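Engineer: Build me a model:
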Amino acid sequence: MNRSSLSRELALRIGLAARALPDTSPKLFVSVLRACAGPQLDERGVAQLGEAQLHQALGNFGVKTDADTVRKALGLLQNTATPAEPAPQPRLADLPGSILVAIGSDDPQQVVGHFGSCRQFLVYQVSAGEARLIDIRSVDSDAQRRHDDKNAYRAQLIADCRVLYVASIGGPAAAKIIKYGLHPIKTEQGEAINQVIHQLQSVLSQTPPPWLAKSMGIAPTPRICFEQES
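Structural biologist: Below you'll find the predicted structure:
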């Protein structure tokens, strides 16, 4: 993907739309879009795409899907949902043993930037066997300025999540995050989001720590202490 030709918002919408389609990576979806809208992707070209055109192009690239899924992906791509309409709440029961995970990054594929300056949070629903990108929550600069505490404003955006991944976060901000029930985890700058999610899934599939087990709705594994016999 030629990131220089895409706005950050458009790149994120492409990633979100790709995940709504079966067996479609963001890289493959970009190729599909370029076949439809031309080699230079921009907001105007994406806005002019139609469902039938996108469906046909996906089929040409070997992506088999139905009209409803194409319609959903196109809506995510073109951002046709009403901004004032609240995002639907994910039903964790649909994915047993899952938690909501926030990733603070303006890049749809890598964890980059600082908690206090990133413009979006990617929200994933993650279980041991599956991960879904379900939401992108943008920071409203005006609302943030009106708030007494910038860190609290950002924490409230992702207060329904249980884990936050970010490349950089200060001590006061981390303390604020913890008060909202989130567990902040720092990653390497530029670490692949897929790798971060995979590492979390490995933890979920084994014996998660008590705080994480509680968030998953399962009983923590009792800790057994062995006393040394005298």
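Engineer: hey, C-alpha coordinates of stretch 51-65 in PDB?
Structural biologist: The C-alpha trace of stretch 51-65 is given here as PDB (Å, rounded to 0.1, in the frame of the first residue of the first chain):
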ATOM      1  CA  GLU A  51     -22.000  -2.100  -4.600                       C
ATOM      2  CA  ALA A  52     -22.200  -4.000  -7.900                       C
ATOM      3  CA  GLN A  53     -18.900  -2.700  -9.100                       C
ATOM      4  CA  LEU A  54     -17.200  -3.700  -5.800                       C
ATOM      5  CA  HIS A  55     -18.800  -7.100  -5.800                       C
ATOM      6  CA  GLN A  56     -17.700  -7.800  -9.300                       C
ATOM      7  CA  ALA A  57     -14.100  -6.700  -8.600                       C
ATOM      8  CA  LEU A  58     -13.900  -8.800  -5.400                       C
ATOM      9  CA  GLY A  59     -15.000 -11.800  -7.500                       C
ATOM     10  CA  ASN A  60     -12.300 -11.100 -10.100                       C
ATOM     11  CA  PHE A  61      -9.700 -11.300  -7.300                       C
ATOM     12  CA  GLY A  62     -11.200 -14.600  -6.000                       C
ATOM     13  CA  VAL A  63     -13.100 -13.200  -3.000                       C
ATOM     14  CA  LYS A  64     -16.400 -15.000  -2.700                       C
ATOM     15  CA  THR A  65     -19.000 -13.100  -0.700                       C
END
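Engineer: please begin residue numbering at 92 from this point
Structural biologist: Fine by me, first position is 92 from now on; the one you just mentioned is stretch 142-156.
Engineer: I'd like the distance from it to the chain centre, please.
Structural biologist: 25 Å (CA atoms, centre = their mean, to the nearest Å).
Engineer: same thing with stretch 231-242?
Structural biologist: On CA atoms, centre = their mean, the centre of stretch 231-242 falls 22 Å from that of its chain.
Engineer: before we move on, what about stretch 114-121?
Structural biologist: 16 Å.
Engineer: Can I get that stretch in CSV? Just the C-alpha atoms.
Structural biologist: Output in CSV follows, covering the C-alpha atoms of stretch 114-121 (Å, rounded to 0.1, in the frame of the first residue of the first chain):
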residue,chain,number,x,y,z
ASP,A,114,-10.3,-13.9,3.5
THR,A,115,-9.3,-10.4,2.5
SER,A,116,-6.2,-8.7,3.8
PRO,A,117,-5.9,-4.9,3.6
LYS,A,118,-3.2,-5.3,0.9
LEU,A,119,-5.5,-7.5,-1.3
PHE,A,120,-8.4,-5.1,-0.7
VAL,A,121,-6.3,-2.1,-1.9
